[in-house]
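Chemist: Predicted structure and sequence below. I'll ask about it afterward.
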Amino acid sequence: MKHLLFATFCLFLLNSCKDKYYSFGEKISADEAKEASFMALQYKHMQVGDSVNSKRKAKVMDVCQAKGCWMTLNLEDGSEVMVKFKDYGFFVPKDITGKEVIVNGKAFVNEVSVDEQRHYAEDAGKTSEEIASITQPKRTYSFEADGVLIKQ
């Protein structure tokens with residue numbers, strides 16, 4: 001009986017040490033998620049139009065304050081990645097800036113038009129002067145997520 005009680009206690013301790021996540025979109029696991037720094041290296045070798053399926057872990061830099069329909073992630077090298085959600089099928093909470101997330105889906109390099117950049121700046125609550133200062137298309141790192149985990 002003591003062995004069974006001890007084994008149950010050990011199992012409880014192991015499970016309580018695991019990270020817990022809120023899940024959005026398709027059900028995914030945290031297993032085999034690559035760090036943001038690996039993601040940054042991969043993007044540096046990609047061209048506009050290239051894509052790769054991946055699962056990444058990173059910190060949220062910004063979130064759409066209108067609906068939670070996009071977020072940007074820190075790549076730990078001074079750059080960031082714009083994450084949108086597959087088929088506009090789900091949104092994330094608007095208060096997750098600074099939290100760790102795991103995204104699963106397709107990483108790609110994109111060229112974002114001036115109009116689209118201005119739209120995102122408006123969603124992010126930027127001033128009219130900041131929005132007006134956007135005058136050139138921008139090469140961006142992008143990600144289409146089919147599933148997102150947000151660390152609790």
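Modeler: Alright, I've got the coordinates.
Chemist: In contact with residue 114, which residues are there?
Modeler: Shown in contact with residue 114 (C-beta atoms under 8 Å, 6 or more residues apart in numbering): 134, 135, 136, 137. Bear in mind the C-beta positions are built from the backbone N, C-alpha and C, glycine included.
Chemist: Give me the below-cutoff pLDDT ranges for this structure.
Modeler: Scanning the chain for pLDDT under 70 picks out the ranges 1-18.
Chemist: about what we covered before: among the contacts of residue 114, name the buried ones.
Modeler: Neighbour counting by 16 or more other C-beta atoms under 10 Å classes residue 134 among those as buried.
Chemist: Dump the contacts of residue 114 to TSV, plus secondary structure.
Modeler: Written out in TSV, the entries for these read as follows (DSSP: H, G, I helix; E, B strand; the rest coil):
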residue	secondary structure
134	coil
135	coil
136	coil
137	coil
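Chemist: As CSV, the contacts of residue 114 with distance to residue 22 would be great.
Modeler: Output for the contacts of residue 114, formatted as CSV (distance: C-beta to C-beta, whole Å):
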residue, distance to residue 22
134, 33
135, 38
136, 37
137, 35
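Chemist: What is the nearest of the contacts of residue 114 to residue 66?
Modeler: Distance to residue 66, by C-beta to C-beta, is smallest for residue 134 among those, at 17.6 Å.
Chemist: do you know how far the closest one is from residue 48?
Modeler: Distance of residue 134 to residue 48, given as C-beta to C-beta, to the nearest Å: 19 Å.
Chemist: repeat for residue 120
Modeler: 18 Å.
Chemist: In terms of neighbours, single out the busier of those two.
Modeler: Shown here are residue 120 and residue 48; by other C-beta atoms under 10 Å, residue 120 has more neighbours (18 against 10).
Chemist: Could you give the secondary structure assignment for that one?
Modeler: Under three-state DSSP, the three-state class of residue 120 is helix.
Chemist: Can you name the residues that contact it?
Modeler: By C-beta under 8 Å, 6+ apart, the contact set of residue 120 is 64, 70, 82, 112.
Chemist: Among those residues, which are located in helices?
Modeler: In helices, defined here by DSSP state H, there are no members of those.
Chemist: Counting neighbours, which of those comes out on top?
Modeler: residue 70 (22 neighbours).
Chemist: so what's that residue up against?
Modeler: Residue 70 sits next to 63, 64, 82, 83, 84, 85, 120, 123 when contact means C-beta under 8 Å, 6+ apart.
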